[in-house]
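> kindly generate the corresponding structure for this input.
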Amino acid sequence: MAGFGVNVAIMDGDRVLLTKREDFEVWCLPGGVVEPGESVAEAAIREAREETGLEVELTRLVGIFSRPNWRDGGDHDIVFSAIPVGGELRPQAEEVIDITYSSPGNLPEPLVWWHRQRIDDAVNSIGSPAWSQDAVWPLSGVTSREELYKMRDASPLSRQEMYLQYLHKQGPEGERLEVRNREEEPDV
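Here you go, the predicted model:
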């Protein structure tokens, strides 16, 4: 069954807050799954608070990003832009090993490749597009996060090497803009 998640581009001027994931030691936007009984906006605010320690105000919908070929029927993420309104910047120990504000021209590596477009759209105030991102799930037979982590932990590769070798590959379709914001982009 397809999964639904959120990401939050927490802005400080033209810089965006990134977290370094504990599970694969790669950089990404804060975010996670939408829990039962929760709206996508509530999930975004909760995930930002849990992963960064910050209370945020969502300022706009950045876009909807789909990876239909990802594990277990695909993943679909709703991305919001936000500003901090309280709290204290501190990484969540269980999921986040580092946290930093970065400018778009100086993003840390390795960065989850499908987050690059999300960051660009958030920083450039592009609002409400829908993107299809061809991130093909490369591990047949591995259908859950638990199975993936079991495979990762049994591998002789480092967490980052595991991510780069298996999960960092873009499919042949690349990224495709499916719905653009017509108010911001003139007809060609």
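
> for the top helix by length along the chain, packing partners?
Scanning the chain for the helix with the most residues, using DSSP state H, yields helix 40-52. Using 3 or more Cβ pairs under 8 Å, 6 or more residues apart in numbering; DSSP states H and E, the elements in contact with helix 40-52 are strand 3-12, strand 15-21, strand 31-33, strand 54-67, strand 75-87, strand 96-102. Any C-beta I mention is one placed from the backbone N, CA and C, and that applies to glycine too.

> residues of the longest one that come out buried?
Think strand 54-67. Neighbour counts over strand 54-67 (16 or more other Cβ atoms under 10 Å) mark L54, V56, L58, T59, L61, V62, G63, I64, F65, S66, R67 as buried.

> dump stretch 56-70 to CSV, restricted to CA.
Output in CSV follows, covering the C-alpha atoms of stretch 56-70 (Å, rounded to 0.1, in the frame of the first residue of the first chain):
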residue,chain,number,x,y,z
VAL,A,56,7.1,26.0,13.4
GLU,A,57,4.5,27.9,11.5
LEU,A,58,3.7,26.5,8.1
THR,A,59,3.8,29.3,5.6
ARG,A,60,2.8,27.6,2.4
LEU,A,61,2.4,24.3,0.5
VAL,A,62,5.6,23.8,-1.6
GLY,A,63,4.4,20.8,-3.5
ILE,A,64,3.4,17.2,-3.8
PHE,A,65,6.2,14.8,-4.7
SER,A,66,5.5,11.2,-5.7
ARG,A,67,7.8,8.2,-6.0
PRO,A,68,5.3,5.7,-7.5
ASN,A,69,7.9,3.0,-8.0
TRP,A,70,9.3,3.0,-4.5
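
> residue ranges with poor pLDDT in this protein?
1-2, 126-131, 178-188 (pLDDT under 70).

> what count of nearby residues applies to K150?
Around K150 there are 12 other residues, counting by other Cβ atoms under 10 Å.

> re earlier: possible to save the helices and strands packed on helix 40-52 as TSV with distance to E147?
TSV is the format used below for the helices and strands packed on helix 40-52 (distance: least, Cβ to Cβ, whole Å):
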stretch	distance to E147
strand 3-12	15
strand 15-21	18
strand 31-33	17
strand 54-67	18
strand 75-87	16
strand 96-102	23
